[in-house]
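Here is my input, please return the structure:
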Amino acid sequence: MPFDNARSRRLETQDGPDLAGAAVAVGQFAARHPYLLFGHSAVPGIRRLSAADPDLQARAARTLSEIAASEIAASEIAAPQRQEPSDPRAALKRRARRLVDTAFIALTAEGAGADLALAASRAALAGFAAAATWKERRVVRSFLDCAEIAVAVSLAYDWLYDKLAPPERQAIEDAILCHVLEPARAAYADPALMWPKRRDNCALVSNAGIAIAALAVMRRHRALSASLVQSGLASAWNVFAALAPDGAWREGLSYWSLAMRYAGLMVAALEGALGDSFGLAERPGFAQTGDFALHAVGPFGAAFNFADSEHNFDVAPLVWLAHRFRRGIDGWLLGRPEGWQLPFAAIWPGPQQESPLALGLPTGKVFHSADLACFRNTWSGVPPARPVYLAIKGGNSSRRPRGGVTPPEDVTLHAQADAGSFVLDGARHRWVVDLGPDEYDLPGYFDHGDVRRSGPRWRYYRNQAAGHNTLTIDGRDQVPDAPATIIGSCVEGDSKWVVFDLSAAYGKPAGTVRRGAALIGRQAVIQDEVDPRSCGDIAWAIHTSAEVVSLAGTFARFRLGGDRLVARILEPAGARFDLVLPPPPRSFARGPADQLHGPPSGAGAPVSELARHEDRAGQRAAGAPIRRLEIAWPAGTRRLTVLLLPDCDGDELALPVAPLDHWLARRPVRLTGLSRRGCRNRGIEAAERVSSGRLANPKLGNSRPNPPASLGRA
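From the prediction side, this is the model:
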């Protein structure tokens, strides 16, 4: 594969990509098509792998059948400008990915199937070449929408170059120049444009689409391609910095999936065409970013959906990551390739899959790149193991805003006011839930405001601190762009814990507000400590869809089906639980059509916040209603400690309370008086000896069949 010939480099002191090397490589480029993702000599091997893969062959047969039934000319892939009743972004993805499918079939198949796929690909390419624009949504300033088409057209052009007539090639080259290269040159030269400076999925997707398009037509537009590759490298270098040091992504797993898919495509195209990624592949955290997808998902398949992410996400980026970095754990997490990544599994065959249990991976992980901690008591997801999962996050920035104001390029658009928020899984359910994102077409949904809490984004419940499983202090929202960092942690053994300093998120002096979270056996402990001299009214809250069975003072019991959750206030004695409903959703006038992210047909109609319901079967807010379990913090109290125990047997001993300073001093958090039954799961040793095929795969839950791959939100 191309990266085998990539130059190695030492990056300890490198503060930017090797732009001079990129310029030289473009100047010396003389490869023949195909060269994006793989070279001409690799095609026979890809054909053999494709022919031997029954899933890929079945996919090809379905695609060809659909093409034949639609007679190509009336097919969806041949009409990129027609009106779509669904979300325009989703429709664009379908068209672009269908083109990748048909081009791959035309490259690897033989006989009538190859001819039919080639005809469909040529029709799709002609449609895209004739389109007035590749930008579906005017509200999106970056190349986010354009990149999906740019990548699909560039790959199809590269793979089928020898099968296209000269006029077809020129039409495609002209379209790439018109829709990608010239607008990109203007964008990189515009100092007022924010997306090239950001560290988010939009910047990475845009840079990747531009770079791949520039590489595809490099022989015709060499000088412009060289300039754009250098600009894209410089911008992407800044985005890749967000992964340091350990690979987590502050926008959550949904946007990690989108960003890393294009990061992989960009690096693969650079290494394929030019033999080098000029430092991107070696950026800290990039090779290990699959660990984020492994740890930030509970034992039953639901992701920790912080920021604007959702429970489900697409694991497609792991195809390239497993191949490029030879990570068997990424291959295990991916499982059987399907969806978007299926053709790429033949292009990028992975190493032998290795499960977390086989690798002896720890059951706890702290990610400093996103101030995130993820703990579980076992990697097994089978019922006898009685798995419990606790994940908690800090703030949305690693540094304080300069002069109290965050520069626009440093704002994480998908961030919510969720410092200290957590989720809890156990007994086959998510007991403590994150409500996730709201409707993107709510007016000002992405407007953070010029100074901290001032933007309309913060009037929506799902974005506020009150809408998360954290504290609300003095009746005010959090400062969403303030750092709330990890000040201590332990991921060893049966006692895993983390402590955050949340003070800056509440505009308080350092050390004023701290939150600790621990998983001790199967018992989850949330412990908050505040300086009562600096904090007034404090509300503690979590959100759950479980049905309350009993609620009395310091004790609450919930159920979901036949499963139970116990919540107990350990300290202070005067604190009491209360169960209330969240505030009802509100409606607003929808903005003008050119400001919408969804279908334009809704312009002018009212738009409402999503119902306060849990998601169900991939449908937003379609499940059980959400309730808030609250505690009004007793005035003058310094510490509040709550025990949460899924799948309770009823005789586990309550934990004694220890100050967070004891945690930070590395004194044992698992204190005397705790029964072994409370610390160690009954039957866990036997359950952990099950085969890796029955281990809980964050993508798959407890069984191997793959759910539909998400198209992702953007």
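
From the centroid of the chain, which residue is nearest?
Against the mean C-alpha coordinate of the chain, by Cα atoms, centre = their mean, the closest residue is residue 253 at 1.9 Å.

okay, that one: pLDDT?
On the pLDDT scale, residue 253 is placed at 97.

Next: residue 698.
The per-residue pLDDT of residue 698 was computed as 41.

returning to what we had before: residues touching the residue nearest to the centre of the chain, list them.
Counting by Cβ atoms under 8 Å, 6 or more residues apart in numbering, residue 253 makes contact with 292, 293, 296, 297, 303, 304, 305, 309, 313. From N, CA and C alone the C-beta is placed, and that goes for glycine too.

again, only using 7 Å
293, 296, 303, 309, 313 (Cβ atoms under 7 Å, 6 or more residues apart in numbering).

per-residue confidence for residue 97?
The model's pLDDT for residue 97 equals 88.

Was I right to think it contacts residue 340?
Yes. In this structure, residue 97 is within contact of residue 340 by Cβ atoms under 7 Å, at 5.6 Å.

And residue 560, how close does it get to residue 639?
30 Å (Cβ to Cβ, to the nearest Å).

now swap in residue 280 and tell me
46 Å.

Find the residue ranges of this structure scoring beneath the pLDDT cut-off.
Within the chain, the ranges that satisfy pLDDT under 70 run 1-14, 71-88, 400-404, 451-453, 593-595, 598-604, 649-655, 667-714.

what about 50?
Scanning the chain for pLDDT under 50 picks out the ranges 1-13, 72-85, 671-714.

hey, C-alpha coordinates of the helix or strand residue 272 falls within in PDB?
Element membership for residue 272, per DSSP states H and E: helix 253-274. Extracted in PDB, the C-alpha atoms of helix 253-274 (Å, rounded to 0.1, in the frame of the first residue of the first chain):
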ATOM      1  CA  LEU A 253     -18.300  10.700  18.500                       C
ATOM      2  CA  SER A 254     -20.700  11.700  15.800                       C
ATOM      3  CA  TYR A 255     -18.400  14.400  14.600                       C
ATOM      4  CA  TRP A 256     -15.300  12.400  15.400                       C
ATOM      5  CA  SER A 257     -16.600   9.900  12.900                       C
ATOM      6  CA  LEU A 258     -17.100  12.500  10.200                       C
ATOM      7  CA  ALA A 259     -13.700  14.200  10.900                       C
ATOM      8  CA  MET A 260     -11.600  11.100  11.100                       C
ATOM      9  CA  ARG A 261     -13.200   9.600   7.900                       C
ATOM     10  CA  TYR A 262     -11.900  12.600   6.000                       C
ATOM     11  CA  ALA A 263      -8.600  12.700   7.900                       C
ATOM     12  CA  GLY A 264      -8.000   9.200   6.800                       C
ATOM     13  CA  LEU A 265      -8.900   9.900   3.200                       C
ATOM     14  CA  MET A 266      -6.700  13.000   3.100                       C
ATOM     15  CA  VAL A 267      -3.600  11.200   4.500                       C
ATOM     16  CA  ALA A 268      -4.200   8.200   2.300                       C
ATOM     17  CA  ALA A 269      -4.500  10.400  -0.800                       C
ATOM     18  CA  LEU A 270      -1.300  12.300   0.100                       C
ATOM     19  CA  GLU A 271       0.600   9.200   0.700                       C
ATOM     20  CA  GLY A 272      -0.900   7.500  -2.400                       C
ATOM     21  CA  ALA A 273      -0.200  10.400  -4.800                       C
ATOM     22  CA  LEU A 274       3.000  12.000  -3.300                       C
END
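
Show me what the helix or strand just after it packs onto, helices and strands only.
Per DSSP H and E, the first helix or strand lying C-terminal to helix 253-274 is helix 290-295. Contacting helix 290-295 under the criterion 3 or more Cβ pairs under 7 Å, 6 or more residues apart in numbering; DSSP states H and E are the following elements: helix 317-325, helix 328-334, strand 364-367.

Turn these into JSON lines, columns for mean neighbour count.
Shown next, in JSON lines, are the helices and strands packed on helix 290-295 (neighbours: other Cβ atoms under 10 Å):
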{"stretch": "helix 317-325", "mean neighbour count": "24"}
{"stretch": "helix 328-334", "mean neighbour count": "24"}
{"stretch": "strand 364-367", "mean neighbour count": "22"}
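
so which of those comes closest to residue 382?
helix 328-334 (16.3 Å; Cβ to Cβ).

Give me the contact list for that closest one.
With Cβ under 7 Å, 6+ apart, helix 328-334 has contacts from 290, 293-294, 315, 318-319, 321-322, 350-356, 359, 697-699.

try it again with 6 Å
290, 294, 315, 318, 321, 322, 350, 351, 352, 353, 354, 355 (Cβ atoms under 6 Å, 6 or more residues apart in numbering).

Closest to residue 662 out of those residues?
Checking the contacts of helix 328-334 against residue 662 with Cβ to Cβ, the nearest one is residue 294 at 30.4 Å.

residues in contact with that closest one?
Per Cβ under 6 Å, 6+ apart, neighbours of residue 294: residue 333.

Okay, it and residue 240: tell me how far apart.
In this view, residue 294 and residue 240 are 20 Å apart by Cβ to Cβ.

The spatially closest residue to residue 296 that is not a sequence neighbour: what's it in contact with?
Nearest residue to residue 296, sequence neighbours excluded (Cβ to Cβ, 6 or more residues apart in numbering): residue 304, at 4.9 Å. By Cβ under 6 Å, 6+ apart, residue 304 lies in contact with 296, 391, 423.

Equivalent analysis for residue 320, please.
So residue 320 contacts 264, 268, 348 (Cβ under 6 Å, 6+ apart).
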